[in-house]
Structures are given as structure tokens and as C-alpha cells.
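# I'll drop the sequence and a predicted model, then ask my questions.
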Amino acid sequence: MKNIKFFFVIAVFFTSIQLFAQNYNDVLRLSEESIITNARFLGMGNAANSLSNDLVAGLFNPAGIALLRKGEVDFGFNSNSFSNSATFFNRVTDANNISSRWNQFGIVLPVPTSRGSLTFALGYNVTNDFNRVLSFNGFNNGNNSMIQDLTDYNDDIAYNLALSYPLYDKNNKYIKDTTRINGNLNQRGDIKNSGKISNWYLTAGVEIDKDVFLGGSINILNGEFYRVRDYYEEDTKDFYSSNFLLDPLEPKSADFQSFYFRDRIDWSISGYDFKLGILSKLNDNFNLGLAVRFPRVFSIKESYSVYANSTFKNSTWEDGAPESKIEYDITTPYEYTGSVSYKDKNLILALDAKLIDYASAEFSFGFDKNVRMDKNKEINDLLRTVINLNVGGEYSLTNLGLTLRAGFMYKPSPFKNDPSDYDKKYLTAGLGYRLSKKLNLDIAYAYGWWKDFGDNYGSNLSRTYQDITVGNLLTTLKYYF
């Protein structure tokens with residue numbers, strides 16, 4: 001019986017993997033603003049666009065690098081924790097993961113000038129950490145399952161695992177696949193993301209007029225992303241008993257026990273971007289800053305692999321797909337930032353507002369032209385323009401060599417019509433301590449929270465409702481020369 005459909009199986013395999021194809025989630029993964037910068041500015045809620053007097057000015061406003069008159073060398077370390085409490089068919093499952101790495105090093109080099117200032121910076125930052133995890137476990141008493149979803153797409157995986165079988169018309173012409181599975185299965189699984197984006201940047205800033213600074217940054221991006229999903233459907237309540245054949249012509253398909261599906265996505269990421277900024281010291285108290293990040297262009301080399309098996313009382317079936325490879329480009333939106341800061345003696349207060357039109361992100365290369373157009377239309381239909389807000393401040397206790405910092409970040413959901421629960425919120429706190437005249441230590445912690453949801457297949461058939469909390473602990477060591 002298996003050979004009857006052989007040639008159709010070969011033909012459909014190359015389209016079946018598109019069930020898990022690239023979409024708006026991949027674009028958002030690279031387009032959403034990261035909070036990983038350095039310890040000083042993270043402690044201030046990353047409200048740094050009108051300050052930026054730091055190695056990482058290129059991540060905020062490159063013009064700010066020209067405020068530095070002394071050279072410095074920076075090193076940084078980041079620890080990221082991700083916790084996810086998922087509700088799935090009224091059952092809650094918790095998952096968490098921690099990722100830690102060196103995330104920053106670089107040097108600032110002011111150039112001696114007779115008037116004004118000219119400063120360069122060369123640095124490395126890990127600006128994105130893809131650490132994410134999800135676990136779920138619950139009984140779906142609806143009449144749906146991934147097995148049925150795969151069968152509806154005539155996917156060969158369900159067929160090769162004896163979970164579906166072909167239908168023919170009276171002339172013995174193949175019509176489609178069907179399955180006798182009709183929901184009522186326990187569904188559970190784990191999804192784990194990992195990886196990072198590294199940013200190598202060259203920043204230059206110059207004082208073009210008294211207290212007016214102009215700067216630019218060139219950024220070379222590279223990194224990797226990994227996603228592994230382990231998914232199970234199990235007949236825990238014996239709906240498919242020993243006298244029930246899932247394939248009427250296959251005796252070994254009696255007494256269905258479980259279905260297991262594992263897929264893995266690997267990305268190799270490369271890209272670039274440019275940033276321009278201007279900063280003005282209006283007087284001794286107020287700074288204004290404006291910056292624009294031009295669209296980042298990412299080239300993705302993706303590998304995708306699948307393994308699946310089914311277990312019956314007296315047999316086990318296995319299937320897998322050879323690793324598939326594809327290459328495509330993603331172009332992210334422009335980012336426009338305006339900011340203001342106030343300084344009075346030992347106090348600094350700052351506010352940034354950043355406009356991002358996520359609907360303008362796109363798959364800019366790869367795929368068939370019509371497929372690419374459909375993907376980009378979906379992005380435009382689902383996503384919207386947002387304004388991210390960052391507010392923060394610091395207070396220096398100069399007699400103690402200590403600086404205290406606090407801040408807040410608000411990042412609205414990029415999806416149209418999302419309620420405010422899906423907006424990302426962060427509270428931040430930090431401190432700086434001058435270890436000596438040439439050595440300074442900064443530590444910051446950011447705590448974030450929001451809601452999310454995900455579908456295992458279809459729309460709202462097998463959905464996880466997620467309460468997410470994250471923590472980032474950054475440490476930066478500066479040496480002045």
C-alpha cells in the first residue's frame with residue numbers, strides 16, 4: 001500500500017516543509033529593538049540618545065562620542081534570564097533558561113584638535129540575545145490535532161507514519177489523504193530558542209559648531225539563531241483502541257499510542273547598518289538629540305530539518321526529511337529617535353522617543369517573487385507603527401564616588417489591535433562606582449514583563465497563553481587613559 005503513493009509523496013515533500021515556513025515572526029526577531037547596551041545606560045532605562053558620551057554611542061546617537069575628551073577601554077558581561085509561564089487548556093507549565101556571555105569590548109580615541117572635538121570609537125557588542133523557552137502540557141478535547149493538520153495539507157509525514165491514508169475515486173484516481181484521528185489527544189511540547197547577534201561598529205563624532213555635534217556609525221552584524229521544537233500528541237484516554245486501525249489496510253496501525261514531531265531551524269546571520277545623529281547642548285542644563293538608523297539588511301542562510309515517529313501497541317514508524325537549505329534577506333524598518341536630557345549639578349534626567357514602522361519591514365530577497373509579495377503583504381496587514389519610550393536618570397554622590405541610576409522602558413506590541421498586556425515593559429536600576437581615578441565599574445539590572453501567545457498549528461486550536469518575565473544583568477568595566 002505504501003508504494004501506491006510514492007511518487008506523490010516525493011512531489012509533496014518539497015512543499016510540505018513550507019507549513020513551517022518563514023513569516024512575520026522571523027522579520028520581527030531581527031527588527032525589534034534590543035535592550036542590551038551597556039551597564040550605565042541600561043541602568044537609566046536606555047534613555048541615552050541626548051547623552052551618548054560613551055563607547056556605545058553608535059548604538060544610540062553617534063554624535064555623542066564627540067563629547068568624550070579622554071580615551072577609554074571598555075569590557076562588559078551580560079547574563080540574561082527568561083521565564084515563561086504558559087497556560088494550555090487550563091493547565092500551567094513553567095519554563096526558564098539562562099544565557100550568559102561577554103557582551104562588550106572596545107576603545108574610544110579622541111583626536112587632539114585646536115578647536116572643537118573629533119573622536120573615534122571601535123567596538124564590539126552582543127546586541128541581541130535570542131534566549132527564549134516554552135513548555136506546555138494539556139489535554140485537547142477538541143476535534144483537531146497536528147496529525148489532522150498535516151493530513152489536510154497532504155503532508156507525507158502523517159502518511160509515512162501510518163497516521164493517514166489515501167482516498168481514491170471510482171476510477172482509482174488519487175483524491176487526497178485522510179485520517180481517522182479526530183482530536184481528543186494530550187498535547188505537550190518544548191520550544192527552545194538560542195543564539196545572538198554581534199555588532200562590530202566604527203563610530204566617529206565631530207563638533208561642527210560650538211556645542212553642536214554630528215556623528216555616524218557603521219555596523220557590521222553577524223550571528224546565529226537556533227530553534228528546536230519537540231512536540232507530542234498522545235492517546236492518554238484510549239480513544240483509539242486496539243480494534244481501531246488508523247490505516248484500514250495496515251494491521252500494524254491498531255491501538256495508536258503517540259505521535260512525536262521534532263523540527264530544528266538553524267540560521268547563519270550576516271548584515272550591516274548605518275546610523276547618523278546630531279546632538280546639541282542648548283545650554284548648561286539641556287541637551288537635545290536626534291538620530292536615524294537606516295534599515296538593517298540581514299542575509300539569512302537557513303537550514304531546516306524534521307524527524308517524526310508514531311507509536312502503536314505493536315509497532316513504531318519513523319520518518320525524517322533530509323536537511324533543507326534556503327537563503328533570503330530581511331530588511332528592517334527605519335528608526336527615528338528624538339530625545340532631551342536635563343542636567344543640574346549631580347542630577348541627570350533623560351527621555352527618548354523612538355518611532356518604528358514595523359509594517360515597512362520586508363523579505364527583500366529570496367523565494368519566488370509572488371511568494372515574497374505574499375509574505376510582505378502579511379507583514380503589512382499584521383504589523384503597525386509604534387513609538388518606544390525610554391525614561392531614566394542618575395544621581396552622583398561625588399564624595400563617595402558612587403552614582404545611582406533608575407529607568408523605565410515601554411515598547412508597544414508591533415501587532416495591530418494587541419491589548420496593552422502584550423506591550424513590553426521594563427524597570428531598570430543600576431549603580432556606578434569609581435574604583436580609582438582611571439577605573440570605573442557599572443552594574444545594571446533590567447526586569448521586563450509582557451504576555452504572548454502561540455499556536456502549535458492552525459489558529460486558536462492548540463494555543464499557549466504565555467506570561468513572560470525576563471531579567472538582564474549587565475556589568476561594564478571602564479579604564480580611562
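Structure received. Residues are numbered from 1 along each chain as shown.
# list the buried ones in stretch 419-438?
422-424, 426, 428-432, 434 (16 or more other C-beta atoms under 10 Å). (C-beta placed from N, C-alpha, C; glycine too.)
# from those, pick the one nearest residue 222.
Nearest to residue 222 among the buried residues of stretch 419-438 is residue 424, at 25.3 Å by C-beta to C-beta.
# where's the residue lying closest to the closest one once chain neighbours are set aside relative to residue 428, distance?
Closest residue to residue 424 apart from its sequence neighbours, by C-beta to C-beta, 6 or more residues apart in numbering: residue 411 at 4.1 Å. Residue 411 sits 13 Å away from residue 428, taking C-beta to C-beta, to the nearest Å as the criterion.
# now residue 359
Counting by C-beta to C-beta, the gap from residue 359 to residue 428 is 29 Å.
# picking that back up, and the residue nearest to residue 424, what's its pLDDT?
Model confidence at residue 411, given as pLDDT, is 98.
# for the stretch 1-150 of the chain, which residues score under the pLDDT cut-off?
Applying pLDDT under 70 to the stretch 1-150 of the chain picks out residues 1-20.
# what about the helices in it?
Counting by DSSP state H, counting those that start in this stretch, the stretch 1-150 of the chain has helices at residues 6-16, 24-31, 39-43, 146-152.
# same check on the stretch 151-300 of the chain?
Applying DSSP H, counting those that start in this stretch to the stretch 151-300 of the chain gives helices spanning 156-160.
# could you pull out the strands for it?
165-168, 174-178, 185-209, 212-234, 256-281, 286-293, 297-312 (DSSP state E, counting those that start in this stretch).
# residues of the longest one that come out buried?
Residues of strand 256-281 classed as buried: 256, 258-263, 265-267, 269, 271, 273, 275-279, 281 (neighbour count, 16+ other C-beta under 10 Å).
# likewise for the second one?
Applying a neighbour-count criterion of 16+ other C-beta under 10 Å, the buried positions in strand 174-178 are residue 177.
# ok, the fourth one next?
In terms of neighbour count (16+ other C-beta under 10 Å), strand 212-234 has its buried residues at 212-217, 219, 221-223, 225, 227, 229-234.
# could you give the mean pLDDT of that strand?
For strand 212-234, mean pLDDT is 98.
# packing partners of it?
Contact partners of strand 212-234 among helices and strands, from 3 or more C-beta pairs under 8 Å, 6 or more residues apart in numbering; DSSP states H and E: helix 146-152, strand 185-209, strand 256-281.
# and the first one, by the same measure?
For strand 165-168, the elements it packs on are strand 174-178, judged by 3+ C-beta pairs under 8 Å, 6+ apart.
# how far is the strand it packs on from where the chain is centred?
38 Å (C-alpha atoms, centre = their mean, to the nearest Å).
# each with direction, which strands does that strand pair with?
According to DSSP bridges, strand 174-178 forms sheet pairs with strand 165-168 (antiparallel).
# ok, and for the strand it pairs with, which residues are buried?
Buried residues in strand 165-168, defined by neighbour count with 16+ other C-beta under 10 Å: 165-166.
# chain center to that strand: distance?
On C-alpha atoms, centre = their mean, the centre of strand 165-168 falls 41 Å from the chain's centre.
# hmm, residue 470 and residue 82 touching each other?
Yes: taking contacts as C-beta atoms under 8 Å, residue 82 lies within contact range of residue 470: 5.3 Å.
# and residue 407, what does it touch?
Taking C-beta atoms under 8 Å, 6 or more residues apart in numbering, we find residue 407 in contact with 42-47, 390-393, 427-429.
# and these as a markdown table, adding distance to residue 406?
Output for those, formatted as a markdown table (distance: C-beta to C-beta, whole Å):
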| residue | distance to residue 406 |
| --- | --- |
| 42 | 11 |
| 43 | 7 |
| 44 | 7 |
| 45 | 8 |
| 46 | 12 |
| 47 | 10 |
| 390 | 12 |
| 391 | 9 |
| 392 | 6 |
| 393 | 6 |
| 427 | 8 |
| 428 | 7 |
| 429 | 5 |
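# where exactly do the strands run in the stretch 351-481 of the chain?
Going by DSSP E, counting those that start in this stretch, the stretch 351-481 of the chain shows strands at 362-365, 385-397, 402-411, 424-434, 439-455, 463-480.
# out of those strands, which comes closest to residue 317?
Among those, the nearest to residue 317 by C-beta to C-beta is strand 439-455 (25.9 Å).
# please point out which parts of the closest one sit buried.
By neighbour count on 16+ other C-beta under 10 Å, the buried set for strand 439-455 is 440, 442-446, 448, 450-452.
# before we move on, what about stretch 463-472?
By 16+ other C-beta under 10 Å, the buried positions in stretch 463-472 come out as 463-464, 466-468, 470, 472.
# gap between residue 351 and residue 209?
24 Å.
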